[in-house]
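A.B. asks: Pasting the sequence and the predicted model now:
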Amino acid sequence: MKKLFLCAALVAFGVFSVNAQGQFKIGANVGLPVGDFSDFYSLSAGLDVAYLIDVSDDFKVGGATGFMNVFGDDVETSFGDLMVVAEAEDAQFVPLAAAARFMASDNFYIGADLGYAIAVDSEGEGGVYYRPRIGYNFTEKIGVNLSYTGISNDGNSLTNIGVGVEFSL
C-alpha cells in the first residue's frame, strides 16, 4: 500500500511538471490534537512542501509532502490510591499526498490534501492522510491557513486542528 501511494505521488509530480509550470510552496504549522488521541498528545508541529499547477484561473492541483511531529504528553492513571504517570512517545509522520486548491476569491482559498502518511518512528504505523484547509493569501508570496489534519488506521484516527504559514517560491 505504501509503495502504491509513493508511486502515484511520483507519477503525479512527473506529469504535472511536464505539462505546466507550477509553483513550489513551503510552510510551517502548529496544531492541537483532538479526538481519540488528545489525552496522549499535547501539540503537533510540522513543515510542509507542495508543488501546485494551475488547471484554471481558480483551481490548482499537485502534490504535497512534509514532516509532522506530534508531541507525547504525560498520561495519568489511578488504581485506587496509586497514581501512575507515563509519558506517551512522540509520533512522527511523512505524508505523501495529492493536493488541490480552489481560489474562492483573489486571496481566499479552500483545499484539501489526500494520501498516505508514513510513520517515521519505530513504534508507529502510517495511515490514510487527509487535510482539508482554508487559507488567506496576504500577498502572492505569503499566506496563512487553518487545517484539520487526520491520519486514520484500522478505525483509529490521530487528528488535530492547526494553523500555518505558507510561502510561495
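C.D. replies: That came in fine, so what should we check first?
A.B. asks: who are the neighbours in contact with Ser56?
C.D. replies: By CB atoms under 8 Å, 6 or more residues apart in numbering, no residues touch Ser56. All C-beta atoms are positioned from the backbone trio N, CA, C, and that covers glycine.
A.B. asks: what are the phi and psi angles of it?
C.D. replies: Ser56 has phi and psi values of phi -150, psi -180 when expressed as degrees, to the nearest 10.
A.B. asks: can you give me the strands in this structure?
C.D. replies: 22-34, 41-54, 59-72, 74-79, 82-87, 91-103, 108-119, 127-137, 142-153, 156-168 (DSSP state E).
A.B. asks: okay, those in TSV with mean neighbour count and mean pLDDT next?
C.D. replies: As requested, those are exported to TSV (neighbours: other CB atoms under 10 Å; pLDDT from 0 to 100):
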stretch	mean neighbour count	mean pLDDT
strand 22-34	17	95
strand 41-54	19	95
strand 59-72	20	95
strand 74-79	10	78
strand 82-87	9	81
strand 91-103	21	96
strand 108-119	20	97
strand 127-137	19	97
strand 142-153	18	96
strand 156-168	18	94
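A.B. asks: In terms of pLDDT, where does Leu6 sit?
C.D. replies: pLDDT recorded at Leu6 is 52.
A.B. asks: And for Phe16?
C.D. replies: 49.
A.B. asks: Tell me the spacing between Glu166 and Phe24.
C.D. replies: According to CB to CB, to the nearest Å, Glu166 and Phe24 sit 11 Å apart.
A.B. asks: let me fix that: Leu158
C.D. replies: 27 Å.
A.B. asks: Then Val75?
C.D. replies: Taking CB to CB, one finds Val75 at 39 Å from Phe24.
A.B. asks: Show the contacting residues for Val55.
C.D. replies: Val55 sits in contact with Val61, where contact means CB under 8 Å, 6+ apart.
A.B. asks: again but with Ser157, I slipped
C.D. replies: Counted by CB under 8 Å, 6+ apart, Ser157 has contacts 35-37, 127, 150-151.
A.B. asks: Next: Phe71.
C.D. replies: Applying CB under 8 Å, 6+ apart, the residues near Phe71 are 41-45, 90.
A.B. asks: and which of the residues you listed is nearest to Gly111?
C.D. replies: Closest to Gly111 out of the contacts of Phe71 is Ser44 (19.1 Å), distances taken as CB to CB.
A.B. asks: Alright, that wraps it up for me.
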